[in-house]
Each structure stands twice: as structure tokens, then as C-alpha cells.
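Asks: quick one, what's the 3D model for this:
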Amino acid sequence: MTHPTVTRDQWLAERRALLAREKALTRLQDQVAAERRALPWVRLRQDYLLDTPAGPRRLADLFQGRHQLLVQHFMFGPGWTEGCKSCSYMADHLDAMAPHLAQRDIALLVVSRAPLAEIEPFRQRMGWRFRWASSHGSTFNQDFNVSFGPQDRVDGTVFYNYEMRPLPATEAPGISIFCRDEAGEVLHTYSTFGRGVEVMMGTYGLIDLTPRGRDEAGLDHTMAWVRHHDRYEHAEAPAPAACCAAGG
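Replies: Presented below is the predicted three-dimensional model:
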């Protein structure tokens, strides 16, 4: 690696200039977050039934006694032998986040369209402990625009990330937020797709601090380097998952 080098005083002057830009960005992020919280909500037209290791559960029953539910739409379609690598990269951050989210009245749930019998072996392989439900047999994924069949395509495009766009895949990533009111009814408050899901990829934030950054410019696509964490060279075996998972 080659890069300009300067004296410590010169570096400090440029670092302070960059700090001013970083602080402006932080203030803008705070402003956008406030606007996000101010968005109106939509009451769900149906109470989706999802399959969990503890049996079928309504979406309203998966808040774990909390008022807010964060759902990762994980790309794992029926018949797949393993989940999406990029969605797995996202999910690798969840087990550490879950107890902190719980302290802020937020329950965490991962949802995929594959049947639970296909999801569970992969979850065990990856050593994950977070709750993972199957939406197989329901319209949950289609209604939140992360799964697509022939009926969803118009001239080769589907409705994803709030516009019609070409997307050859049958599954796509996303994050959705739901709120449960005092009457037990569920409301949809927010969803984000595309690069919006990077909010779950804390590793990227650290990579962005380094000299090379993401270093993805010469790749076939931006996340071509990502592997399932047990498929990297010299990957360590994950800690064993809990023997059972709560569904409610």
C-alpha cells in the first residue's frame, strides 16, 4: 500500500477538518432518524401465521412481551440448501445485539420463506441462537416485497425498494419494523431495503475506518468477497447453538 505521508501537525489539521464533516453527518443522521420516527404507521390487514420451533405463532405473539419487533427478511427460499451469504453476514451480528435491543423494548426475529425443516439445519451449522421463523404457506414475504413469483413481475421488473426494478432473484433482503399497540394489534412502521440493510452490518462500519476500506471496486459485485463465516479460510467453528429455541 502506498499513500501520502505528512507530519503529525499536518495530519492533525486534516483530521480536524474531516471531524467537522463527520459531525455534520452525525447531525444529519439524527435529523433523518427523527423524520423516520415521525412516519405514519399502517395497521396490518391480517395477522400472519408463522412457523417456529415451538409451533405456529401469530406475528402478534412474537413480540416477547415488548411493543416493538425488528424483522430481518433473510433470503432463504424453499429448496435452498443454505441461506444467502450476504444475509448471513447480516445475521452474524444479531446474537450480540439481541440483549441490548431487548433493553430498548425491541424484540428480534428473522423470517425466511423456506420451511422450518430446511432452515433449522443451516441455523445449527452456523451456530446462531436468534429466533428464526418460516413464512412458508403465508403471504408475509410477498406482502412486504421481499419474495417474488411470476405474478409479481411486470415486463421483467418487480416492486422492490419502493420502485419497479429489474430483479432476477426470487428473494431479496430487507428489514421491517412493527409495533404492537395496547389492544394487541400490529402496525407496520418502517421497512428498508437495498443498501439500507447495511445498518445491520456493523462489520462494514469498522471496515470503513481502515485505509483500504471495503476494497470492492474490482469485484464482480460489491459483496463478492463475503462467505458464510464457516467457509472463510482458517474459519473457526462457531459455538454450539442452544438445543432448543423459544418460539413465542
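Asks: my guess is residue 87 contacts residue 173. True?
Replies: Yes: Residue 87 lies in contact with residue 173 (Cβ atoms under 8 Å); the separation is 5.5 Å. Heads up, the C-betas are built off the backbone N, CA and C, glycines and all.
Asks: which neighbours do the two share?
Replies: Counting by Cβ atoms under 8 Å, 6 or more residues apart in numbering, the shared contacts of residue 87 and residue 173 are 72, 74, 75.
Asks: list the contacts for the first one?
Replies: For residue 72, the contact set (Cβ under 8 Å, 6+ apart) comprises 87, 90, 91, 94, 108, 109, 110, 111, 173, 174, 175, 200.
Asks: just confirm it is within a strand.
Replies: Yes: per DSSP: H, G, I helix; E, B strand; the rest coil, residue 72 lies within a strand segment.
Asks: who is it paired with across the strands?
Replies: Applying DSSP bridges to residue 72 gives these bridge partners: residue 110, residue 175.
Asks: what about residue 47, which helix or strand?
Replies: For residue 47, there is no helix or strand it lies in under DSSP states H and E.
Asks: list the contacts for it?
Replies: Applying Cβ under 8 Å, 6+ apart, the residues near residue 47 are 58, 59, 60, 186.
Asks: just the buried subset of these, please.
Replies: In terms of neighbour count (16 or more other Cβ atoms under 10 Å), the buried residues within the contacts of residue 47 are 59, 186.
Asks: nearest to residue 131 among the contacts of residue 47?
Replies: residue 59 (12.3 Å; Cβ to Cβ).
Asks: correct me, but the closest one touches residue 188?
Replies: No: Residue 59 is not in contact with residue 188 according to Cβ under 8 Å; the separation is 10.2 Å.
Asks: please identify which two of the contacts of residue 72 are farthest apart in space.
Replies: So, the contacts of residue 72 by Cβ to Cβ: farthest apart are 108 and 173, at 15.8 Å.
Asks: and of the shared contacts of residue 87 and residue 173, the nearest to residue 100?
Replies: Distances from residue 100 to the shared contacts of residue 87 and residue 173, taken by Cβ to Cβ, are shortest for residue 72, at 15.7 Å.
Asks: A strand includes residue 190, no?
Replies: Yes: counting by three-state DSSP, residue 190 is found in a strand.
Asks: number the residues from 18 up from this point.
Replies: Okay, residue one is now 18; in that scheme the one you just asked about reads as residue 207.
Asks: mind listing what it touches?
Replies: So, once contact is read as Cβ under 8 Å, 6+ apart, residue 207 ends up touching 53, 56, 193, 194.
Asks: among those, which lie within strands?
Replies: Counted as lying in strands by DSSP state E, out of the contacts of residue 207, are 193, 194.
Asks: just the buried ones from the contacts of residue 207?
Replies: 193, 194.
Asks: model confidence score at the one residue sitting closest to the centre of the chain, please.
Replies: Central residue of the chain (Cα atoms, centre = their mean): residue 89, 4.3 Å from the mean position. At residue 89, the pLDDT value in this model is 98.
Asks: same check, this time on residue 235
Replies: 91.
Asks: next one: the one 10 residues further on
Replies: Predicted confidence (pLDDT) at residue 245: the value is 97.
Asks: state the helix or strand in which it lies.
Replies: Going by DSSP H and E, residue 245 is not in any helix or strand.
Asks: show the contacting residues for it.
Replies: 99, 102, 105, 143.
Asks: going by secondary structure, the nearest residue to the first one once chain neighbours are set aside is in what exactly?
Replies: Leaving aside its sequence neighbours, residue 99 sits nearest to residue 139 (Cβ to Cβ, 6 or more residues apart in numbering; 5.2 Å). In this structure, residue 139 sits in helix 133-143 according to DSSP H and E.
Asks: just the strands from the protein, written as ranges.
Replies: Using DSSP E, strands in the chain cover 59-60, 66-69, 72-75, 85-90, 123-129, 149-151, 174-177, 180-183, 191-197, 203-209.
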